[in-house]
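Please find the sequence and the predicted model below.
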Amino acid sequence: RKEVEQDPGPFNVPEGATVAFNCTYSNSASQSFFWYRQDCRKEPKLLMSVYSSGNEDGRFTAQLNRASQYISLLIRDPKLSDSATYLCVVNMDGTSHGKLTFGQGTILTVHP
Amino acid sequence: GAGVSQSPRYKVAKRGQDVALRCDPISGHVSLFWYQQALGQGPEFLTYFQNEAQLDKSGLPSDRFFAERPEGSVSTLKIQRTQQEDSAVYLCASSPALGLAEASDTQYFGPGTRLTVL
C-alpha cells in the first residue's frame, strides 16, 4: 500500500463546475499536510497547507480528517488556468526535518 | 531571481556513464532536499542536508547515488554507472527550516534536471 494515495484521474471538468480531490495517508502520526500544484514539465509549487479546522484560500478549500487519515481539496468555479496535476503531500515524520511524502498526483483538465 | 536553480536542465547519458547534477538553493536556506520524480509519479525523497551535514540518505536507491553539500550551500547529486531506470526528473528543494517545530516550513523547488539514460 502506498503511503499517500490519490485517485490519479484524469478529471475533465467544464469551467465553473466544482471539483473535489481526495487523498488518504497511511501514517497516523503524520504531522503536516499540504496540497501542491504541478504544471506540465514544471516544478511542484505549494498551493496550500491543510489544517484540522479546514482552511480556505479563495476558490480552494482544504480539509483534513485525522481520524480517517483523509485529506480533501475542493475547487469552486474552476478556471482553465487551474488545469494541472494536484499533489497530496504529507510530512510523515513531524519530529524530524520535514521530509515530504508525495502522492501520485491527480490530473485536472478544465475545458471551456 | 532568488529561487532555487538547478543545472543542467536536461542531461542525456549513455548507460554506464557518470553524471553530476547541481543545485543552488535559495541563499540562507539551511535545509536542502533531493527528490526523484519518475514519469507519471509524484516526487520521491532521496536525501536531506542541514547545512553541510547529510542527515538522511534513506531514499537513495543504491550505492551508485551520492550527494554532497560541502560548504552548506550548493549541492551536487552524483550518479555513477547510470542505468535506464535512473531516467527521471531530479528535483532539488530548499527550506529555511531547521526541523523539529519548523518541520512544516515550505519547501521551494527548483525546476529540476531531466535525466535520460539511453
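That came through, no problem. Residues are numbered from 1 along each chain as shown, chains lettered A, B, ... in the order given.

Smallest distance to chain A belongs to which residue of chain B?
B:G42 (3.2 Å; Cβ to the nearest Cβ). Just so you know, the C-beta spots here come from the backbone N, C-alpha and C atoms, and that holds for glycine as well.

Do I have it right that that residue meets A:L87?
Yes - at 5.4 Å, B:G42 counts as touching A:L87 under the criterion of Cβ atoms under 8 Å.

list residues touching both of those two?
Common neighbours of B:G42 and A:L87, using Cβ atoms under 8 Å, 6 or more residues apart in numbering or on different chains, are A:F102, A:G103, A:G105.

Now do the contacts for the residue positioned nearest the centre of chain B.
Nearest to the geometric centre of chain B sits B:W34, at 2.8 Å (Cα atoms, centre = their mean). By Cβ under 8 Å, 6+ apart, the contact set of B:W34 is B:C23, B:F45, B:L46, B:T47, B:Y48, B:A67, B:S75, B:L77, B:Y90, B:L91, B:C92, B:A93.

Setting the sequence-adjacent residues aside, check what's closest to the last one.
The shortest distance from B:A93 to any residue other than its chain neighbours is 4.1 Å, reached at B:Q107 (Cβ to Cβ, 6 or more residues apart in numbering or on different chains).

correct me, but the one you found touches B:C92?
No - contact between B:Q107 and B:C92 fails when scored by Cβ under 8 Å: they sit 9.8 Å apart.

so what sits against both of the two?
B:F33.

can you give me the strands in the chain?
In the absence of a named chain, this looks at chain A. Ranges of strands in chain A, per DSSP state E, are A:4-6, A:11-14, A:19-25, A:32-38, A:44-50, A:55-57, A:60-65, A:70-75, A:84-91, A:100-102, A:106-111.

I was thinking of chain B, sorry if that wasn't clear
B:5-7, B:10-13, B:19-24, B:31-37, B:44-50, B:53-56, B:65-68, B:75-79, B:88-95, B:108-109, B:113-117.

which other residues reach the fifth one?
Counting contacts by Cβ under 8 Å, 6+ apart, the residues outside strand B:44-50 that touch it are A:97, A:99-102, B:30-38, B:54-61, B:65, B:67, B:69, B:72, B:75, B:77, B:90, B:98-99.

Could you do the last one as well?
Contacts of strand B:113-117 with the rest of the structure, by Cβ under 8 Å, 6+ apart, involve B:6-15, B:17, B:19, B:21, B:79, B:82-90.

again with the longest one
Contacts of strand B:88-95 with the rest of the structure, by Cβ under 8 Å, 6+ apart, involve A:43-44, A:98, B:4, B:6, B:21, B:23, B:25-26, B:29-39, B:43, B:46, B:75, B:77, B:105-110, B:112-115.

can you give me the angle that strand makes with strand A:44-50?
Strand B:88-95 runs at 50 degrees relative to strand A:44-50, counting by axes from the mean of the first three to the mean of the last three Cα atoms, to 10 degrees.

looking only at pLDDT, what's the mean for strand B:88-95?
Taken as a whole, strand B:88-95 has a mean pLDDT of 96.

ok, back up a step: now the residue nearest to the centre of chain B: closest residue in space that isn't a chain neighbour?
B:L46 (4.2 Å).

Between the shared contacts of B:G42 and A:L87, which sits nearest A:R37?
A:G105 (9.7 Å; Cβ to Cβ).
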